[in-house]
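1. this one's sequence-less:
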């Protein structure tokens, strides 16, 4: 990483948790990723409306993403790693077929805890899922949306309650387990208790910036109003948790790596009675991450979190391409639109409001193809 008075030159970052979506949102998500610095590897989550449940479905989804990326300047080396969704309908044969096709990454969603998880895993089903992986006798990587689906556990405590479920997999299976988008100080320590390379955790940029007070309208940054476009799951917790996440990310500890959970929803799904969870953080993510590391006095660990730790955990070669970030403030777009239209459409079902919409961030990502 090279830092001078005008710019930062760093290794291209990886993003180990992205929702590329489908339909008109997919080209918007992919183009935004590539234009704003995330043009290398992503883990593409399979919780689309029609879940990605098998190896052939993962291959088709991967091909669709690549077809779009290769039409975008700078997208020639974009590499989506598709995470296949598992639930009670998954089988040993499905797991083996996927692994034979090169898809070794699987996602475990607890029932009803996030977008398109109505067919997710119930508390009583996790042991059967674990046994299925054990019977498959192939090396896999399990990504956990770490919230207990037990309805008797309150939302704020669901992440900690998932620790026992997570232990089922680490105690009984080989391979790797990832605790996705962690949000609290207890989970930071929980992840650190496992050997490096056996368990990892992604941390999002928005969880390092937000607390419950930001979402619910008790923080000055929210103008003391609820912020549906900041609402995401797992819900941000408290200030001490936010600081624990920053300390974990900026420490350089190889357990932790960048997975921003980029989750675009139309405005019509965010400004409504039944608000979807997810932050469209892609435009602001890299400038905000750099600001977090610089403010913490840990600039030297930026590449560890953004570029090295995830690649090492997943068993990929580290990136060698570089990206340039200018010491110039930039303004985040107020709205994103369906790219199929040649002009902005005044239709909330065809619009996405990005995280930090209309606000300035401290840096500008150079889009130089």
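-> It's in. Keep in mind it's a predicted model, so treat the numbers as computed, not measured. Numbering: from 1, shown residues only.
2. ok, now how distant is the nearest residue to residue 110 once chain neighbours are set aside from residue 24?
-> Nearest residue to residue 110, sequence neighbours excluded (Cβ to Cβ, 6 or more residues apart in numbering): residue 149, at 3.7 Å. (C-beta placed from N, C-alpha, C; glycine too.) According to Cβ to Cβ, to the nearest Å, residue 149 stands 31 Å off from residue 24.
3. next one: residue 37
-> Taken as Cβ to Cβ, the span from residue 37 to residue 24 is 23 Å.
4. Give me the more crowded residue out of the two.
-> A count of neighbours by other Cβ atoms under 10 Å puts residue 37 above the other of residue 37 and residue 24, at 27 against 15.
5. in terms of contact, does the more buried one touch residue 323 like I think?
-> Yes - taking Cβ atoms under 8 Å as the definition, residue 37 is a contact partner of residue 323 at 5.6 Å.
6. Show me the common contact partners of those two, please.
-> By Cβ atoms under 8 Å, 6 or more residues apart in numbering, residue 37 and residue 323 have these common neighbours: 12-13, 365.
7. Helices along the stretch 151-300 of the chain, start to end?
-> Secondary structure of the stretch 151-300 of the chain by DSSP state H, counting those that start in this stretch: the helices cover 158-161, 163-172, 185-192, 212-216, 239-250, 282-295.
8. For those, please prepare TSV with the additional fields mean pLDDT and mean neighbour count.
-> Formatted as TSV, the helices of the stretch 151-300 of the chain follow (pLDDT from 0 to 100; neighbours: other Cβ atoms under 10 Å):
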stretch	mean pLDDT	mean neighbour count
helix 158-161	97	21
helix 163-172	97	16
helix 185-192	98	19
helix 212-216	96	18
helix 239-250	98	20
helix 282-295	98	23
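9. returning to that earlier point: residue contacts, the residue nearest to residue 110?
-> Here residue 149 is in contact with 110-113, 120-123 (criterion: Cβ under 8 Å, 6+ apart).
10. helix or strand for it, which one?
-> Using DSSP states H and E, residue 149 falls within no helix or strand.
11. Most neighbours of all the shared contacts of residue 37 and residue 323, which one?
-> residue 13 leads those on contacts (other Cβ under 10 Å) with 26 neighbours.
12. Spatially nearest residue to that residue, not counting backbone neighbours?
-> residue 306 is the one closest to residue 13 (Cβ to Cβ, 6+ apart), at 3.9 Å.
13. Now the one you found: phi and psi?
-> Torsion angles at residue 306 (phi, psi; degrees, to the nearest 10) stand at phi -90, psi -20.
14. ok so residue 8 is a helix residue?
-> No - applying DSSP: H, G, I helix; E, B strand; the rest coil, one finds residue 8 to be strand, outside a helix.
15. Could you list everything it pairs with in the sheet?
-> For residue 8, the residues forming beta bridges with it (DSSP bridges) are residue 3, residue 325.
16. Could I get the contacting residues of it?
-> Neighbours of residue 8 in contact, by Cβ under 8 Å, 6+ apart: 1-2, 290, 324-325, 327, 363.
17. ok, 10 Å please
-> 1-2, 286, 290, 294, 299, 302, 322-327, 363, 365-366 (Cβ atoms under 10 Å, 6 or more residues apart in numbering).
18. Verify the stated contact: residue 275 with residue 266.
-> No - judged on Cβ atoms under 10 Å, residue 275 makes no contact with residue 266 at a distance of 11.8 Å.
19. next one: phi and psi at the residue nearest to the spatial centre of the chain?
-> For the chain, residue 261 is the residue whose C-alpha lies nearest the centre (Cα atoms, centre = their mean; 2.3 Å). Main-chain torsions, residue 261, degrees, to the nearest 10: phi 50, psi 40.
20. Need phi/psi at residue 210.
-> Torsion angles, degrees, to the nearest 10, at residue 210: phi -110, psi 150.
21. same deal with residue 108?
-> Torsion angles, degrees, to the nearest 10, at residue 108: phi -110, psi 110.
22. Residue 128 versus that one, what's the distance?
-> In terms of Cβ to Cβ, residue 108 sits 12 Å off from residue 128.
23. okay, and the common contacts of those two?
-> Contacts common to residue 108 and residue 128, judged by Cβ under 10 Å, 6+ apart, are 90, 121.
24. of those two, who's got more company?
-> residue 108 (25 against 11).
25. And for the closest residue to the more buried one other than its chain neighbours, the neighbour number?
-> Using Cβ to Cβ, 6+ apart and skipping residues adjacent in sequence, the residue nearest residue 108 is residue 144, 5.1 Å away. Residue 144: 23 surrounding residues under other Cβ under 10 Å.
26. give the contact list for residue 144.
-> Residue 144 neighbours (Cβ under 10 Å, 6+ apart): 106-110, 121, 126, 162, 165-166, 169, 177-181, 199, 201.
27. Okay, and which of these map to strands?
-> Applying DSSP state E to the contacts of residue 144, the entries found in strands are 106-108, 177-179, 199, 201.
28. wait, what's in contact with the residue nearest to residue 367 when sequence neighbours are not counted?
-> Distance criterion Cβ to Cβ, 6+ apart; nearest residue to residue 367, sequence neighbours excluded, is residue 35 at 5.2 Å. With contacts defined as Cβ under 10 Å, 6+ apart, the neighbours of residue 35 are 72-75, 282-283, 365, 367, 369.
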